[in-house]
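>>> What shape does this take:
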Amino acid sequence: MKAKKQKTYQEKPNLPSLVSPWLAAVLSAVIPGLGQALARAIKRGIIIFASVVSLVGLLIWRFQGAAPRDTGVIDIVLKAFKLQSIFIVIALFFALMYIWNIIDAYQVAKAAGKPESRKPFLVFFLIIMVFFLIGWQIGRIDLYGFVTQFDDSFPILSQILWPWEKAITYPTEEIIGIAKLESPCTDSPPQPEPKDDKPYLVVEPTCGFPTIDEVGKNEETGDWERVITQGTEIHVEGFNFDPGKEIEIWWRDSAGRPYVHRDLETGTNLKVIPDEDGYFETDLIWPFQIGDTVRTNVEGVAEWELQGKQISKVGAWEFSEELELVLILLIETIFIGMMATFFGVILSVPVSFLAARNLMNANAFMLGIYYAIRFILNVIRSIEPLIWAIMAIIIVGLGPFAGILALTVHSIAALGKLYSEAIESIDPGPIEAVQATGANWFQIVMYGVVPQIIPPFVSFTIYRWDINIRMSTIIGIVGGGGIGYILVQWIRTWKYQEAGIAVWLIAVTVAILDYVSAEIRERFV
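Below is the predicted model of the structure:
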């Protein structure tokens with residue numbers, strides 16, 4: 001058998017160009033793509049014109065965003081070039097693309113009506129490159145910052161990658177040393193109280209101001225930015241602690257709320273180790289006031305408390321509350337995905353038969369049902385499960401039921417489409433054989449369609465189950481039940497080890513379910 005010759009992309013205008021090559025080049029210099037269109041490469045000209053118009057609009061938007069306080073075109077462009085060098089690269093590629101658009105118009109007009117091969121993609125490559133560079137600028141991609149800041153983030157990443165010390169806990173005894181502080185300073189600030197037999201802290205100074213976190217406007221760029229005013233620097237000394245055992249520094253703000261002291265750069269808890277005499281010293285910055293509530297005494301002074309907490313293990317190890325909570329919520333997550341898959345399969349199977357064109361083309365009425373079902377499935381599938389979860393929460397409130405509803409609705413649309421496409425791709429022979437016996441529509445489906453669709457249906461069902469397990473983690477973030485909600489709360493409160501436990505167990509669970517899915521698929525597909 002003679003092999004078919006592979007087709008390659010090649011524009012072969014059957015008619016000669018309406019204009020000369022030079023005129024085509026001039027016209028494309030005035031209106032990009034016009035020369036190509038008059039050279040009988042109409043689609044090519046339209047694509048180039050639409051691309052250039054889109055790029056010009058995007059560039060105007062991005063230049064104005066980079067220099068919002070400037071007015072003149074030249075001032076805006078120069079300011080954007082000064083602030084972000086990526087604009088210079090974008091401008092160079094845009095100019096190169098525009099020039100090549102002119103050259104391309106000349107080449108297209110010159111080759112019009114000729115069967116010779118060309119390589120017409122360079123102008124489109126340059127267009128794609130300009131779109132890519134604009135996307136780079138919109139996304140504020142900073143590879144240098146990513147590389148240089150990786151070391152700073154490593155302490156946090158290490159807590160997520162190896163969180164297991166939080167998975168095990170011991171019965172403990174807490175030793176606390178306390179120092180009083182006040183804000184602002186008065187004529188008689190608090191004085192340390194040395195103790196001979198109990199831990200205590202000595203701080204200098206004993207008064208000052210906490211760190212202030214507020215939003216301000218950058219006068220140079222005009223953007224609203226987070227502005228942090230550093231609080232008072234404090235020197236801390238600790239006495240009479242247990243030697244060699246870790247001490248964690250805590251605060252109790254003016255409203256009585258306790259929280260651990262964290263390093264602003266690394267995001268890690270501040271911990272110190274006392275020497276053989278039970279002594280330590282460290283420097284720290286007075287942190288933020290948590291929340292908006294500030295309580296003051298009759299003199300208008302806010303009273304703070306600095307604590308050094310030392311934990312001593314006094315018993316055998318046991319699983320931590322965080323690990324137990326993760327396991328409970330993980331089981332809930334698995335069952336959310338399982339129940340959503342079950343309901344999705346039950347409800348999508350009848351819908352899929354109505355959405356299969358080869359079964360619904362007997363008359364105009366059935367064809368109308370087919371188009372209506374397909375349209376509804378497309379609309380439902382286009383809305384993400386996260387949005388469905390939010391709508392379900394409005395109806396039934398927070399909890400796993402909302403997550404099940406959201407995933408079920410999306411599963412019906414997704415599986416309905418996959419099942420219907422499997423039905424449309426079946427062999428028509430068995431259907432014709434059943435029809436020849438005078439069978440009705442339901443008998444045709446039962447004996448001519450169902451035996452052929454069981455393997456793909458099983459495969460698609462397993463695939464959707466896998467998706468629902470993963471998505472049930474995400475919808476938990478908005479309150480749809482499962483492990484997602486507590487995971488995002490831990491991340492927001494800088495509890496990275498607890499979050500690491502959840503991430504690890506989610507990964508292990510997904511791997512196990514993937515293995516189970518593969519085994520089921522091997523047996524039935």
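>>> does Asp263 really touch Thr282, like I thought?
No - Asp263 is beyond contact range of Thr282, at 11.2 Å (criterion: Cβ atoms under 8 Å). Where you see a C-beta, it was placed from the backbone N, CA and C, and this is true even at glycine.
>>> Which one of these two is surrounded by more residues?
Using other Cβ atoms under 10 Å, the more surrounded residue of Asp263 and Thr282 is Thr282, with 16 against 12.
>>> thinking again about what came up before, shared neighbours of Asp263 and Thr282, which are they?
Taking Cβ atoms under 8 Å, 6 or more residues apart in numbering as the criterion, Asp263 and Thr282 both touch Leu270.
>>> and Asn297, helix, strand or coil?
coil (DSSP: H, G, I helix; E, B strand; the rest coil).
>>> Same check on the one 3 residues further on?
When the structure is reduced to helix, strand and coil (three-state DSSP), Gly300 reads as coil.
>>> any idea how far Ser382 is from Gly480?
Counting by Cβ to Cβ, to the nearest Å, the gap from Gly480 to Ser382 is 19 Å.
>>> give me the number of residues near the closest residue to Pro32 other than its chain neighbours?
The shortest distance from Pro32 to any non-neighbouring residue, by Cβ to Cβ, 6 or more residues apart in numbering, is to Val52 (4.2 Å). Other residues within reach of Val52, judged by other Cβ under 10 Å, total 20.
>>> hang on, Val52 packs against Ile102?
No - counting by Cβ under 8 Å, Val52 stays clear of Ile102, with 11.7 Å between them.
>>> residue ranges for the helices of the stretch 251-400 of the chain, please.
Ranges of helices in the stretch 251-400 of the chain, per DSSP state H, counting those that start in this stretch, are 321-354, 364-382, 385-396, 400-424.
>>> And for the stretch 101-250 of the chain?
122-138, 143-148, 150-161.
>>> Dump the second one to PDB, keeping only the CA atoms.
Read it as helix 143-148. Presented in PDB, the C-alpha positions along helix 143-148 are these (Å, rounded to 0.1, in the frame of the first residue of the first chain):
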ATOM      1  CA  LEU A 143      13.800  35.000  38.900                       C
ATOM      2  CA  TYR A 144      16.700  36.800  40.600                       C
ATOM      3  CA  GLY A 145      14.500  37.500  43.700                       C
ATOM      4  CA  PHE A 146      13.300  33.900  43.600                       C
ATOM      5  CA  VAL A 147      16.900  32.600  43.700                       C
ATOM      6  CA  THR A 148      18.400  35.100  46.100                       C
END
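>>> Now do the strands in the stretch 101-250 of the chain.
168-169, 172-183, 200-204, 212-217, 224-229, 233-239, 247-252 (DSSP state E, counting those that start in this stretch).
>>> by contact count, what packs against the last one?
Spelled out, it's strand 247-252. Strand 247-252 is packed against strand 258-260, strand 271-272, strand 280-285, strand 302-313, with contacts defined by 3 or more Cβ pairs under 8 Å, 6 or more residues apart in numbering; DSSP states H and E.
>>> Can you measure across stretch 142-159, start residue to end residue?
Distance between the two ends of stretch 142-159: 25 Å, counting by Cα to Cα, to the nearest Å.
>>> Let me know how buried Phe93 is, in neighbour terms.
19.
>>> what's the spacing between it and Glu318?
Taken as Cβ to Cβ, the span from Phe93 to Glu318 is 62 Å.
>>> Against Val19, how distant is Val449?
According to Cβ to Cβ, Val449 and Val19 sit 57 Å apart.
>>> now swap in Ile469 and tell me
Applying Cβ to Cβ to Ile469 and Val19 gives a distance of 61 Å.
>>> Next: Ala436.
Taken as Cβ to Cβ, the span from Ala436 to Val19 is 62 Å.
>>> The two - which one has more neighbours?
More neighbours surround Val19 than the other of Ala436 and Val19, with 19 against 8 (other Cβ under 10 Å).
>>> Check what pLDDT that one gets.
Here, the pLDDT recorded for Val19 equals 89.
>>> which residues touch the residue nearest to it when sequence neighbours are not counted?
Leaving out its chain neighbours, the residue that sits closest to Val19 by Cβ to Cβ, 6+ apart is Leu38, at 4.8 Å. Contacts for Leu38 (Cβ under 8 Å, 6+ apart) come out as Ser17, Leu18, Val19, Ala24, Leu27, Gly45, Ala109.
>>> Tell me the one among those residues nearest to Gln307.
Gly45 (73.3 Å; Cβ to Cβ).
>>> Tell me, what's the model's pLDDT at the spatially closest residue to the closest one that is not a sequence neighbour?
Excluding the flanking residues, the one nearest Gly45 by Cβ to Cβ, 6+ apart is Ala37, at 3.1 Å. Note on Ala37: pLDDT of 91.
>>> hmm, back to that, mind putting the helices of the stretch 251-400 of the chain into TSV with mean pLDDT, mean neighbour count and distance to Asn440?
Converted to TSV, these look like this (pLDDT from 0 to 100; neighbours: other Cβ atoms under 10 Å; distance: least, Cβ to Cβ, whole Å):
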stretch	mean pLDDT	mean neighbour count	distance to Asn440
helix 321-354	91	19	14
helix 364-382	91	14	13
helix 385-396	90	17	37
helix 400-424	91	23	17
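>>> Just put those in a markdown table and tack on distance to Pro287.
Output for those, formatted as a markdown table (distance: least, Cβ to Cβ, whole Å):
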| stretch | distance to Pro287 |
| --- | --- |
| helix 321-354 | 24 |
| helix 364-382 | 45 |
| helix 385-396 | 34 |
| helix 400-424 | 36 |
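>>> Looking at those, which is nearest to Trp164?
Closest among the helices of the stretch 251-400 of the chain, once you apply Cβ to Cβ, is helix 321-354, at 9.1 Å.
>>> picking up where we left off before, kindly compare burial across the helices and strands packed on strand 247-252 and name the winner.
Mean neighbour count (mean count of other Cβ atoms under 10 Å) peaks for strand 302-313 among the helices and strands packed on strand 247-252, with a mean of 18.
>>> Number of residues surrounding the residue nearest to Tyr370 when sequence neighbours are not counted?
The shortest distance from Tyr370 to any non-neighbouring residue, by Cβ to Cβ, 6+ apart, is to Met360 (3.8 Å). Look at Met360: counted by other Cβ under 10 Å, it has 22 neighbours.
>>> gap between Met360 and Ser420?
Distance, Met360 to Ser420, by Cβ to Cβ: 9 Å.
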